[in-house]
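Engineer: 3D, please:
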Amino acid sequence: MIVAPDVESYLASLTPDNPLPTRAAGKEHAEPAPAAERIVGRFLETLVLTAGARRVLEIGGGTGRRTLRLAWSLPEDGGLLSIEIDPGRAATARTRLADAGLGERAHVIVGDAARMVHKVAGPFDVIVDAGDPRQHGPLLDRLAALLRPGGVLVTDKVLRAGFARSPGLRGDKGDDGKAPGQETATDEAKTADQAEVVAAGNRRIAADPRFVTSFVPLGDGLAVSVRA
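Structural biologist: As a prediction, this is how the structure comes out:
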């Protein structure tokens, strides 16, 4: 937990849920999204609207909750391309988009982002990199090339690796369900290695002269980088 629970709850109370609850995989998905997800999703909607974006690239679209928000924020003639490595999650995302009437505006492709980003053509107005944090650094040059001048790159999971806590950000429990102090020496070494990969990616983004970057402590941490 990066944001204190009471602060997160208060912010969530001010944040509307997904404006387009839809069915996915034959089941209703109208239940409220988790607080952190709602807050980050609304933040991304705001960025897309502020940038006047017409083309958005998303890496690591998952089951499409965030994809839906991004697509909904675009104008009718806008377009979103989402890359998701897991076929099952990609199928769920496509169903969500189709049920919301956004299937023509947003397209989900299956593949490893490390390869797929070299097969897509820019420029994009906004890029959201919510994929494997270990790829943040290696993908940066290609994402910079795909982004228009003045465009916005949002990098997710910059304060926590998603699968590991970064140093100094010890929450109640890790993603392995273990509370601080319960980790084995192997767990601690793995966490330290993963956290250093994330920290190295953060340093690279912060020092990159092609971007003006701010780090925002929402969700698992966001880096918001404007292409100079």
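Engineer: what's the helix or strand hosting A144 packed up against?
Structural biologist: Following DSSP states H and E, one finds A144 within helix 136-146. Under the contact definition 3 or more C-beta pairs under 8 Å, 6 or more residues apart in numbering; DSSP states H and E, helix 136-146 sits against helix 113-116, strand 124-129, strand 147-156, helix 185-207. Placement of C-beta: from N, CA and C, glycine included.
Engineer: could you redo these as JSON lines and give each row mean neighbour count?
Structural biologist: Shown next, in JSON lines, are these (neighbours: other C-beta atoms under 10 Å):
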{"stretch": "helix 113-116", "mean neighbour count": "17"}
{"stretch": "strand 124-129", "mean neighbour count": "26"}
{"stretch": "strand 147-156", "mean neighbour count": "20"}
{"stretch": "helix 185-207", "mean neighbour count": "15"}
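Engineer: Low-confidence regions, this structure specifically.
Structural biologist: 1, 18-32, 160-191 (pLDDT under 70).
Engineer: Now do the strands in it.
Structural biologist: All strands of the chain, identified by DSSP state E, fall at 22-24, 27-29, 55-59, 79-84, 106-110, 124-129, 147-156, 211-216, 222-227.
Engineer: Just put those in a markdown table and tack on distance to V7.
Structural biologist: Shown next, in a markdown table, are the strands of the chain (distance: least, C-beta to C-beta, whole Å):
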| stretch | distance to V7 |
| --- | --- |
| strand 22-24 | 29 |
| strand 27-29 | 27 |
| strand 55-59 | 27 |
| strand 79-84 | 30 |
| strand 106-110 | 32 |
| strand 124-129 | 24 |
| strand 147-156 | 20 |
| strand 211-216 | 14 |
| strand 222-227 | 16 |
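Engineer: Give the bridge partners for V152, please.
Structural biologist: V126, V226 (DSSP bridges).
Engineer: Ok, which of the helices and strands packed on helix 136-146 comes nearest R105?
Structural biologist: Judged by C-beta to C-beta, the one of the helices and strands packed on helix 136-146 that comes nearest to R105 is strand 124-129, at 14.2 Å.
Engineer: Tell me what angle that closest one forms with helix 136-146.
Structural biologist: In terms of direction (axes from the mean of the first three to the mean of the last three C-alpha atoms, to 10 degrees), strand 124-129 departs from helix 136-146 by 170 degrees.
Engineer: on that earlier part again, with respect to A33, which of the helices and strands packed on helix 136-146 lies nearest?
Structural biologist: strand 147-156 (15.3 Å).
Engineer: could you give the angle of that closest one to strand 222-227?
Structural biologist: For strand 147-156 against strand 222-227, the angle by the same axes, to 10 degrees is 170 degrees.
Engineer: Show residues contacting strand 147-156.
Structural biologist: With contact meaning C-beta atoms under 8 Å, 6 or more residues apart in numbering, strand 147-156 is reached by 40, 44, 47, 51, 53, 60, 122-130, 136, 143-144, 201, 205, 211, 219-228.
Engineer: Of those residues, keep whichever come out buried.
Structural biologist: 40, 44, 47, 51, 53, 60, 122, 124-130, 136, 143-144, 201, 205, 211, 219-227 (16 or more other C-beta atoms under 10 Å).
Engineer: Can you tell me which residue sits nearest the middle of the chain?
Structural biologist: A130 (3.2 Å; C-alpha atoms, centre = their mean).
Engineer: you'd agree R204 is up against P138?
Structural biologist: No - judged on C-beta atoms under 8 Å, R204 makes no contact with P138 at a distance of 9.6 Å.
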